[in-house]
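Asks: Fold the following and give me the result.
(2 chains)
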There are 2 protein chains.
Amino acid sequence: MTRSWWGWGNVEDAVRGGELQALLDRVRVLMPGDLTDHEPPDIASLGLPRPRVTAPAALAGLCSADPADRAAHAHGKAYRDVARNLHGDLRHVPDLVARPRDERDVTDLLDWCTREGIAVIPYGGGSSVVGGVEPRCADHPGVVTVDLGRLDRVLEIDPTSRAARIQAGVLGPQLESQLRGRGLTLRHFPQSFEFSTLGGWLATRAGGHYATLYTHIDDQVESMRVVTPSGVSESRRLPGSGAGPSPDRLFLGSEGTLGIITEAWMRLQERPRWRARASVRFGDWTSAVAATRAIAQSGLHPANCRLLDTAESLINAGVSVGGGLLVLAFESADHPVHHRLERALELCRDHGGKPSADTGGPAREASAEDSSGPDAAESWRSAFLRMPYQRDALARRSVIAETFETACTWDRFDALHQAVTQAARQAIFEVAGTGVVTCRFTHVYPDGPAPYFGVYAPGRWGSTVAQWDHIKAAVSEAIETHGATITHHHAVGRDHRPWYDRQRPDPFAAALTAVKTALDPAGVLNPGVLLPAP
Amino acid sequence: MTRSWWGWGNVEDAVRGGELQALLDRVRVLMPGDLTDHEPPDIASLGLPRPRVTAPAALAGLCSADPADRAAHAHGKAYRDVARNLHGDLRHVPDLVARPRDERDVTDLLDWCTREGIAVIPYGGGSSVVGGVEPRCADHPGVVTVDLGRLDRVLEIDPTSRAARIQAGVLGPQLESQLRGRGLTLRHFPQSFEFSTLGGWLATRAGGHYATLYTHIDDQVESMRVVTPSGVSESRRLPGSGAGPSPDRLFLGSEGTLGIITEAWMRLQERPRWRARASVRFGDWTSAVAATRAIAQSGLHPANCRLLDTAESLINAGVSVGGGLLVLAFESADHPVHHRLERALELCRDHGGKPSADTGGPAREASAEDSSGPDAAESWRSAFLRMPYQRDALARRSVIAETFETACTWDRFDALHQAVTQAARQAIFEVAGTGVVTCRFTHVYPDGPAPYFGVYAPGRWGSTVAQWDHIKAAVSEAIETHGATITHHHAVGRDHRPWYDRQRPDPFAAALTAVKTALDPAGVLNPGVLLPAP
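Replies: Take a look at the predicted model:
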């Protein structure tokens, strides 16, 4: 497999053949426009500037100045990253890509960069969609991207406490394959799973598999080890503690600005043995939301509780519904879960929901390994994993296809949903004339949902980045002014900064600035992320 | 009702009559010694120093210099506090006790103290057991204890999101009574419930009712409002967010060193309608621990899962068991819970547990209002609420009676339990010749338990504080060196500092110091707590 330098995932997995044809057919119906394919540029043609810094001899072996390497590390994987790559617009490129073999190398790299004032971009899988790994560091004499991909091992497993000490650079599949033999799993499955790392999840407070209860990676952390320019911080392995503010919670979400996470003790689970699922159709959106809220507040704790609106159902699950489609799943390693599904379906029926035929009777109880036939949930799931690849195929054809997400309390959801949809449609109208806005819930809490929006619009080749930026700014304003968060699980990076700054309490900004100065006095770590570049 | 200035709770609720007789009979059997009763001293006889500071005219009306008020605010409610009060040893007394009526008053008080360099002790219910409210602030020209008791209202309820905006000074019962009419509850019931406040719970990361899932108050916080000397910090009401490190998590556990919490939006729950419980006897401790671990890792999420060792069962539940007594309860506002209890009992039986006769058949399903007859769980529960009062009755009679708690991963528990018990017994032997050490789990997590220890020993009048301090230092050393936390839910305060300092990662200490300097540049807030006094 070959990783794509410009787009998502592996080159071999790109959309082609029948899948491409079907995708384009759908797009043609929804958004007439010029779908000419634009090949990604040749890296040699990009004319990358020569590296401005040279690693000292002891570190030279860890560092690559290869243009393909540097180009592949210049951007994350947001739509605007892919679109800029396709246009050959690589304004900010790291001078070197360093690949430490161990924590000692991380410390040495940080020491060198601190000494020389060289910016350091900590890099896991590079799947940031918020400019988190993009070296916009004009004030520094150089930039080194520290790719932690070699720190990819599970170092220790404690089966009694069900926890493991894991290196930060491990990708999702590598991590799970090292746990599988012991019957354990981290069960953290973000959409980026294949191409994102444990360290990246921790640094960005990633959202994972579970729709309820264990949503963010935060709650799965037992302890963390972080190399900062002022020393190594290692918290104690504890199942719970009340000893002062949590050290881990300061580094969780610090997005590489305070230190480089090298390893963590993570809480694991046994692999599920019981599973029950269903999808439920609703005739109107309001009832669908009410049912979802009832389930979120029931204490039933579904593993999946994903509400798709009509457009989302149609485009990504191939299901036509009047109001919404709720995809439900319950799982357990210890006991049957059909009682919980039955009660959840009862709550759905109370709100007019109709469980789909194949699961509407007595809830199916199946072993987790049992791969049951395709249903709405299955269709949606495979679509889910193909989405980034399809997004790239569309980006090559000038189609704007991107998502954004937030969270708010239930009392504010209707107003937020309306405002965001309206802002998106207005902005789409201004820049593209026509398009589609979809909504789904990725996670739900007793006190509110995490809505996830999709935007699809025909763009103009050469202008898609500016068109998307206009839409993104409009929806971000709506999110901010309606009391929601600028990000539930995509992080802040550089792109969300204007709205994050308004959302963050001022005294906390002062506190974070003070911490930054204490731990990274030279200001070399990921400048411009979370805080203004020094 | 009259609050006791020297001991726990209300004067009218003190142990007397038959309860006192039974208590002393038990103690005489276990620990022969001199049980002469010592009356608490008269406050007038204490000879408190005159207040060193005078409030400016605008704030004078909020401030009390009454000796009884000052004496009652000098200490928390640990055994060593009560014992010192009984001995008339009040070395550190606030100069004034201020009672702000609103947040404006809090700000004005903080401004005045910051200007004059006067130490400020934020004070909720005063139930600290770690010296958290004791004004050991020799380097300051004066000390003002800010008692938030007037900020006692639920300001707003959002029934849709099930959340409420609540003032920080509200005591547990006041809080619940304001929610009851809406069918909602915070369901945070620490042992101190009657005499501790929301703000205190937040500042100390208190542990509450639930044995699993929602243990600390931390997870029930939607947003917080904190007055710092550098401005008011108010986080956004959100069900979840990934926007940078969590602002709330910095103030949670800050123990009054960074600001004064004035209000918070808290997540609520509906009052439980279904409940099922049982107690299970085990013939040996190892099996009891194994069964408890199995339940903690099962995902069954019991509301109560309290394992008592033989001494704890006998002394506090009046039950004689060979190895341990596990008290289990499941609760839900939405659905029956007997399936979960049945599975938990099955796990217990797998480990040799015997469910007690009255609940061992098909699990009882009862409405939550149904007050079922006394059983082992009930006996234990009433004993639980009387414990602090009994402790005080014993303290008057030179008996050392105190608890301490920690948490560790399951793999370390056996060694920790053995080391702590051994250290406690050795220290008891050294200072008191004989005594009893008990253990129970207050909370359990998939990756470890939170063990809670009781120590009972005959003291010598005049020496009980020194005797206890010797025991406490010995067990704290054992906790620290065995990788556990110096506190799971009692906070750090001034008394846990030596061990907290060793447990806390150095870079995090530097970070916290930087935050303190940024938010409280004059260093007036609770000096000596968490960090060295400036």
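Asks: who touches the helix or strand A:Arg84 falls within?
Replies: Using DSSP states H and E, the element containing A:Arg84 is helix A:79-86. The contact list for helix A:79-86, computed with Cβ atoms under 8 Å, 6 or more residues apart in numbering or on different chains, reads A:5-8, A:38, A:40-41, A:71, A:74-75, A:90, A:129, A:131, A:134, A:391-392, A:395-396, A:400-402, A:464-465, A:468-469, A:472, A:495. Just so you know, the C-beta spots here come from the backbone N, C-alpha and C atoms, and that holds for glycine as well.
Asks: now, which of those lie within strands?
Replies: Counting by DSSP state E, the contacts of helix A:79-86 place A:Ile400, A:Ala401, A:Glu402 in strands.
Asks: Would you mind listing which of these are buried?
Replies: Buried by 16 or more other Cβ atoms under 10 Å in any protein chain shown: A:Ile400, A:Ala401, A:Glu402, out of the ones in strands among the contacts of helix A:79-86.
Asks: Using a markdown table, lay out the residues you listed together with distance to chain B.
Replies: Listed next are those as a markdown table, based on distance: Cβ to the nearest Cβ, whole Å:
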| residue | distance to chain B |
| --- | --- |
| A:Ile400 | 24 |
| A:Ala401 | 22 |
| A:Glu402 | 18 |
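Asks: possible to save these as CSV with distance to B:Ala206 and pLDDT?
Replies: Compiled in CSV, these are given as follows (distance: Cβ to Cβ, whole Å; pLDDT from 0 to 100):
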residue, distance to B:Ala206, pLDDT
A:Ile400, 49, 97
A:Ala401, 47, 96
A:Glu402, 43, 96
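Asks: Right, and chain B sits closest to which residue of the stretch 351-500 of chain A?
Replies: A:Gly448 (3.3 Å; Cβ to the nearest Cβ).
Asks: scratch that, the stretch 101-250 of chain A
Replies: For the stretch 101-250 of chain A, Cβ to the nearest Cβ, closest residue to chain B: A:Pro239, 3.3 Å.
Asks: got the contact list for the residue lying closest to that residue once chain neighbours are set aside?
Replies: Sequence neighbours aside, B:Gly448 is the residue nearest to A:Pro239 in space, at 3.3 Å (criterion: Cβ to Cβ, 6 or more residues apart in numbering or on different chains). For B:Gly448, the contacting residues are A:Ser161, A:Leu238, A:Pro239, A:Gly240, B:Ala407, B:Cys408, B:Thr409, B:Trp410, B:Arg412, B:Phe413, by Cβ under 8 Å, 6+ apart.
Asks: what's the last one in contact with, if anything?
Replies: If you count contacts by Cβ under 8 Å, 6+ apart, B:Phe413 has them with B:Val289, B:Gly448, B:Pro449, B:Pro451.
Asks: what does the fourth one give?
Replies: When contacts are counted by Cβ under 8 Å, 6+ apart, A:Gly240 is found next to B:Thr215, B:His216, B:Ala407, B:His443, B:Tyr445, B:Gly448, B:Ala450, B:Thr485, B:His488.
Asks: name the element it belongs to?
Replies: Applying DSSP H and E, one finds A:Gly240 in no helix or strand.
Asks: how much space is there between A:Arg386 and B:Pro159?
Replies: According to Cβ to Cβ, to the nearest Å, A:Arg386 and B:Pro159 sit 41 Å apart.
Asks: ugh, typo on my part, it should be A:Val170
Replies: For A:Val170, the distance to B:Pro159 - Cβ to Cβ - is 44 Å.
Asks: do A:Tyr389 as well
Replies: From A:Tyr389 to B:Pro159 the distance is 44 Å (Cβ to Cβ).
Asks: just A:Gln178 next, same as before
Replies: 47 Å.
Asks: Give me the more crowded residue out of these two.
Replies: Ranked by neighbour count (other Cβ atoms under 10 Å in any protein chain shown), A:Gln178 and B:Pro159 place A:Gln178 first, with 18 against 14.
Asks: I'd say A:Thr406 and A:Ile479 touch.
Replies: Yes. Using Cβ atoms under 8 Å, A:Thr406 makes contact with A:Ile479 at a distance of 4.9 Å.
Asks: Between those two, which contacts overlap?
Replies: Common contacts of A:Thr406 and A:Ile479 (Cβ under 8 Å, 6+ apart): A:Leu416, A:Val420, A:Thr485, A:Ile486.
Asks: and the second one, what is it in contact with?
Replies: Residues near A:Val420 by Cβ under 8 Å, 6+ apart: A:Thr406, A:Pro451, A:Phe453, A:Val475, A:Ala478, A:Ile479, A:His482.
Asks: Next: the first one.
Replies: Contact partners of A:Leu416, counting by Cβ under 8 Å, 6+ apart, are A:Thr406, A:Cys408, A:Pro451, A:Ala478, A:Ile479, A:His482, A:Gly483, A:Ala484.
Asks: and the second one, what is it in contact with?
Replies: If I follow you right, that is A:Cys408. Counting by Cβ under 8 Å, 6+ apart, A:Cys408 has contacts A:Leu416, A:Gly448, A:Pro449, A:Pro451, A:His482, A:Gly483, A:Ala484, A:Thr485, B:Leu238, B:Pro239.
Asks: Next: A:Arg343.
Replies: So A:Arg343 contacts A:Ser298, A:Leu300, B:Asp334, B:His335 (Cβ under 8 Å, 6+ apart).
Asks: measure the first one to chain B for me?
Replies: Distance of A:Ser298 to chain B, computed by Cβ to the nearest Cβ, to the nearest Å: 4 Å.
Asks: hang on, the earlier thing: report the two of the contacts of A:Leu416 separated the most.
Replies: A:Pro451 and A:Gly483 (13.3 Å; Cβ to Cβ).
Asks: Pick out whichever of the two has more residues nearby.
Replies: Applying other Cβ under 10 Å to A:Pro451 and A:Gly483 shows that A:Pro451 carries more neighbours, namely 27 against 16.
Asks: So what are the sheet partners of the strand or helix carrying that one and their directions?
Replies: Using DSSP H and E, A:Pro451 sits in strand A:448-458. Under the criterion DSSP bridges, strand A:448-458 sits next to strand A:399-405 (antiparallel), strand A:436-445 (antiparallel) in its sheet.
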